[in-house]
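1. give me a 3D structure for the following:
(one chain, ligands or ions: 2)
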Amino acid sequence: MTTAARVTAPRANARMLAEVAAGLSGPQKELPPKYFYDHRGSKLFEEITRLPEYYLTRTERGLLERWMPRLIPSLGTRALVELGAGSAEKTQIILDAMRASGTAELYVPIDVSAAFLRETADRLQRAYPGLTVTPAVADISEELNVPRGLPAPALFIFLGSTIGNFYPPAAIRLLGRVRAALRPGDRFLLGADLRKDPAIIEAAYNDAAGVTAEFNRNMLRVLNHELAADFDPDAFEHLAFYEPDAHRIEMHLVARAPHHVTIPGIGEVRFAGGESIRTEISCKHDLPSLAALFTAAGLRLETWQTDAARRFALVVGAPL
Ligand code: SAH
Ligand code: AVI
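-> Ligands and ions are numbered 1, 2, ... in the order given. I've put the predicted structure just below:
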């Protein structure tokens, strides 16, 4: 039983500086959504999951509650590896099913939000004393940092529709990394938000309480803290809209007025009034688009389940 964290590299500021410099130099300024998630960002995301407009989390939870008590015993899962674990609240449905089957041996939550991951791992270790919990800090857009010699069979999971936050080529590379880690008998479980009436989707990213706007602006606070930048988060307005052709929500931060920001190591970054930084895409799927992602990554889509309103899907994949 251990909760010693596997750490490859702490958030490497040189890498962050390079990504931010590149992202703010193009005609459409853009920053990677992983930079939402310091401890405050992870807490704000948790708040989002409880908002009435944000249907994703509760819909996925309902699906897990219905399906996992049947799926887990049929797979015999002994090790659970979770990408982008966050608070791992829904994960407990899977861990409960493993425990009920007497196969709950190892849980590896992976996340880039190191302090929040530590809290998650400690909480789960207390809740499941017989389970080994080995958290791994990693940027999954680069590597998974999975321990060798996982008990077999293992189930890799990627919940919350976080796959949608990656552009399709990056999503395929990420799923390819999962595929490379799978051994015969291992499986992959993906949670994905489905295409639906854009009004429902847009409401989920424009909540009345303004929590999503704060989450969005948190990225600027992260840049201020990590890079000693001098963004004024209140100088930017939250914008989220559905792009029907690309089947995705886009989140932007829009400069309310012309101004400039200084980032040591990068210099002055100028903003025109109304100019935006794209901070996130959240791609929405259907069965063919999920099957295409899986195939491109060397995975076979084995089975899937949706809720009655077909808002969200859970998909199981195996090596092709
Ligand atoms: N799985 C949880 C949390 C989803 S929020 C749920 O379904 O509710 C997305 C999570 O992925 C956050 O915890 C965030 O820190 C993590 N994350 C985002 N980008 C990441 C990256 N590039 N590498 C590792 N973790 C990442
Ligand atoms: C983590 N990810 C799947 C969330 C999403 O819905 O794309 C992040 C989020 N952005 C705004 N609200 C929630």
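
2. name every strand pairing with the helix or strand containing Tyr242 and say which way it goes.
-> Using DSSP states H and E, Tyr242 sits in strand 236-243. The strands that strand 236-243 pairs with in its sheet are strand 248-255 (antiparallel) (by DSSP bridges).

3. are the strand it pairs with and ligand 1 in contact anywhere?
-> No - judged by C-beta under 6 Å from any ligand atom, strand 248-255 makes no contact with ligand 1; its nearest approach is 13.6 Å. The C-beta positions use only the backbone N, C-alpha and C, and glycine is treated the same way.

4. which strand or helix spans Ala171?
-> Going by DSSP H and E, Ala171 is in helix 168-181.

5. buried set for that helix?
-> If you call a residue buried by 16 or more other C-beta atoms under 10 Å, then helix 168-181 has these buried ones: Pro168, Ala171, Ile172, Leu174, Leu175, Arg177, Val178, Arg179.

6. before we move on, back to that, how far off centre is the strand holding Tyr242?
-> When distances are taken as C-alpha atoms, centre = their mean, to the nearest Å, strand 236-243 is centred 19 Å away from the chain's centroid.

7. which parts of the stretch 151-300 of the chain are helices?
-> For the stretch 151-300 of the chain, the helices defined by DSSP state H, counting those that start in this stretch occupy 168-181, 198-204, 211-227, 287-296.

8. which among these is found nearest to ligand 2?
-> With C-beta to the nearest ligand atom as the criterion, ligand 2 lies closest to helix 211-227 of the helices of the stretch 151-300 of the chain, at 5.0 Å.

9. neighbours of His285, how many?
-> Using other C-beta atoms under 10 Å, His285 is surrounded by 23 other residues.

10. on that earlier part again, most tightly surrounded among the helices of the stretch 151-300 of the chain?
-> When you average the neighbours per residue for each of these (mean count of other C-beta atoms under 10 Å), helix 211-227 leads with a mean of 20.

11. what does it rub up against?
-> The contact list for helix 211-227, computed with C-beta atoms under 8 Å, 6 or more residues apart in numbering, reads 11, 13, 16-17, 20, 31, 33, 35-38, 40-41, 44-45, 47-48, 51, 205-206, 229-234, 236-238, 240, 251, 253, 263-266, 279-280.

12. ditto for stretch 65-75
-> Stretch 65-75 has contacts (C-beta under 8 Å, 6+ apart) with 93-94, 96-98, 100-101, 103, 153, 155, 187, 189, 305, 314, 316.

13. among those residues, name the ones in helices.
-> Ile93, Ile94, Asp96, Ala97, Met98, Ala100, Ser101 (DSSP state H).

14. where's the second one relative to ligand 1, distance?
-> It refers to Ile94. Ile94 sits 12 Å away from ligand 1, taking C-beta to the nearest ligand atom, to the nearest Å as the criterion.

15. check contacts around the residue of the stretch 151-300 of the chain found nearest ligand 1.
-> The nearest approach of the stretch 151-300 of the chain to ligand 1 comes at Gly160, 2.4 Å away (C-beta to the nearest ligand atom). Residues near Gly160 by C-beta under 8 Å, 6+ apart: Leu56, Thr57, Glu60, Gly84, Gly86, Lys90, Gly191.

16. count of residues packed around Ala235?
-> 16.

17. report pLDDT for it.
-> You'll see Ala235 listed with a pLDDT of 98.

18. next up, the contacts around it.
-> Neighbours of Ala235 in contact, by C-beta under 8 Å, 6+ apart: Ala255, Arg256, Ala257, His259.
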